[in-house]
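**Student:** Predicted model and sequence below, questions to follow.
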Amino acid sequence: MERTLIPEPLLVVILGPTGSGKTALSLELADRFGGEIISCDSVAVYREFEVGTAKPTREEKARVPHHLIDVAAPGEAFTAGEYSRRARDAAREISTRGKLPIVVGGTGLYLRAFLEGLFPGPTRSEDVRERLRGRAAQRGPGYLHRVLTRMDARAAVAIHENDEPKVIRAIEVCLAARRPMTEMWQEGREPLKGFRVLRVGLDPERQALYEQLNRRAELMFERGLLDESKSLAEKYCPELQNCERITVFRSLGYRQCLMHLRGEMSLEEAVRLTKQGHRNYAKRQMTWFRREPDVKWVQGLGGDTEVQRLVAEVVGRALEPDLED
């Protein structure tokens, strides 16, 4: 008697650098295959921050259900472990309803935690953290990230230099374990189970991507990024002091707006540095994602109809796996 094995449900991951059109591609796939989108973005998890986060619009969220957006308060610590737990729950719930879970975003650490699990790192040390914060205050922006680069270059690629809590945690782990944190990432992990994972990566031509990023940064300022930054800063850090203790204020665009509001740079310089920051971030993302296994890379931007057609063919084939006897 022949026995037919039912394949595990499919989970699609759309990865790529910021500005590469992941949202447009994911919406097209969700429409075509009955999917729901799980955001994988460490900034989009925070409520109230809208203009500078490139979150999906109200119309896009009405078009396709989205998960893991606006789930944390601005002052709340939202770790990769918390993301992994919630995203896995969302993926299972979506799949249970017969829908296709589509994970979309550019936060490499969140994606790795979701797919591969987290290693059991050393316990936190407030003494070490206070010393590192003191060094950062003395030596200025970028100092701790340079230290991390010397201790664990791979971790430095994955963690943005403005994300001080993650940089401090990585240094703390390296110091406690006396070896790079990335060497321990494979130890004691619990990878995602119960899904066939299809990774699709967007690899746009660099100049086209940079033009897109520059224009997107300009649009953020045109749509009120400075006003939003000022309003939120007045709410959460009066007199514009110590705003950077709130993680989301350290993200691209908001950080530059705060520096302008404090009189540390002109508005023109804030726009220029935001553009430059997005370009640099895209480079680091691609370096990280190139290490992801089994990625089906597609050249072009996710909003291009030909790219959408090619990826839809890949997803369509994956949804019809060969049945085994």
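**Tutor:** The structure has been received and is ready for your questions.
**Student:** Which residues belonging to stretch 70-90 are considered buried?
**Tutor:** 70-72, 74, 78-80, 82-84, 86-88, 90 (16 or more other C-beta atoms under 10 Å). Backbone N, C-alpha and C define where each C-beta goes, glycine included.
**Student:** out of those, which one sits closest to Thr149?
**Tutor:** For the buried residues of stretch 70-90, the residue nearest Thr149 by C-beta to C-beta is Ala80; the value is 19.9 Å.
**Student:** gap between the closest one and Glu60?
**Tutor:** Plainly put, Ala80 is 25 Å away from Glu60 if you go by C-beta to C-beta, to the nearest Å.
**Student:** which residues in this structure form strands?
**Tutor:** Assigned by DSSP state E, the strands in the chain fall at 10-15, 35-39, 66-67, 100-104, 196-203, 295-299.
**Student:** Figure out which of those strands is closest to Pro165.
**Tutor:** Nearest of the strands of the chain (C-beta to C-beta): strand 35-39, 20.1 Å.
**Student:** What strands line up against the closest one, and which way round?
**Tutor:** Strand pairing for strand 35-39, using DSSP bridges, gives strand 66-67 (parallel), strand 100-104 (parallel).
**Student:** could I get the single longest helix found in the chain in PDB with only the CA atoms?
**Tutor:** Counting by DSSP state H, the longest helix found in the chain is helix 267-289. Output in PDB follows, covering the C-alpha atoms of helix 267-289 (Å, rounded to 0.1, in the frame of the first residue of the first chain):
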ATOM      1  CA  LEU A 267      19.000  70.600   8.200                       C
ATOM      2  CA  GLU A 268      20.900  70.100   4.900                       C
ATOM      3  CA  GLU A 269      23.600  68.200   6.700                       C
ATOM      4  CA  ALA A 270      20.900  66.100   8.500                       C
ATOM      5  CA  VAL A 271      19.400  65.100   5.100                       C
ATOM      6  CA  ARG A 272      22.800  64.400   3.700                       C
ATOM      7  CA  LEU A 273      23.900  62.200   6.600                       C
ATOM      8  CA  THR A 274      20.600  60.400   6.500                       C
ATOM      9  CA  LYS A 275      21.100  59.500   2.900                       C
ATOM     10  CA  GLN A 276      24.700  58.400   3.500                       C
ATOM     11  CA  GLY A 277      23.500  56.300   6.500                       C
ATOM     12  CA  HIS A 278      21.000  54.500   4.500                       C
ATOM     13  CA  ARG A 279      23.500  53.700   1.800                       C
ATOM     14  CA  ASN A 280      26.000  52.400   4.300                       C
ATOM     15  CA  TYR A 281      23.400  50.400   6.100                       C
ATOM     16  CA  ALA A 282      22.400  48.700   2.800                       C
ATOM     17  CA  LYS A 283      26.000  47.700   2.200                       C
ATOM     18  CA  ARG A 284      26.200  46.100   5.700                       C
ATOM     19  CA  GLN A 285      22.900  44.300   5.100                       C
ATOM     20  CA  MET A 286      24.100  42.700   1.900                       C
ATOM     21  CA  THR A 287      27.300  41.600   3.600                       C
ATOM     22  CA  TRP A 288      25.100  39.900   6.200                       C
ATOM     23  CA  PHE A 289      22.600  38.400   3.900                       C
END
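**Student:** can you give me how far that helix is from the chain middle?
**Tutor:** Relative to the centre of its chain, helix 267-289 is centred 14 Å away, using C-alpha atoms, centre = their mean, to the nearest Å.
**Student:** buried set for it?
**Tutor:** 270-271, 273-275, 277-279, 281-282, 284-286, 288-289.
**Student:** Name the nearest of those relative to Leu25.
**Tutor:** Using C-beta to C-beta, the buried residues of helix 267-289 come closest to Leu25 at Phe289, 14.8 Å.
**Student:** OK, contacts around the closest one?
**Tutor:** Counting by C-beta atoms under 8 Å, 6 or more residues apart in numbering, Phe289 makes contact with 15-17, 108, 201, 295.
**Student:** Could you dump these into TSV with neighbour count added?
**Tutor:** Output for those, formatted as TSV (neighbours: other C-beta atoms under 10 Å):
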residue	neighbour count
Leu15	25
Gly16	27
Pro17	27
Gly108	22
Gly201	20
Val295	17
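**Student:** I'd like those residues as TSV, with distance to Pro238 appended.
**Tutor:** Listed next are those as TSV, based on distance: C-beta to C-beta, whole Å:
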residue	distance to Pro238
Leu15	39
Gly16	38
Pro17	36
Gly108	34
Gly201	43
Val295	45
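**Student:** Of these, which is the nearest to Met220?
**Tutor:** When those are compared for distance to Met220 (C-beta to C-beta), Pro17 wins out at 16.8 Å.
**Student:** contacting residues for that closest one?
**Tutor:** 106, 202, 204, 209, 281-283, 285-286, 289.
**Student:** cool, and Val311?
**Tutor:** Neighbouring residues of Val311 by C-beta under 8 Å, 6+ apart: 25, 29, 200, 298.
**Student:** repeat that with 10 Å
**Tutor:** Neighbour list for Val311: 12, 14, 25-26, 28-29, 32, 198, 200, 202, 296, 298, 300, 302 [criterion: C-beta atoms under 10 Å, 6 or more residues apart in numbering].
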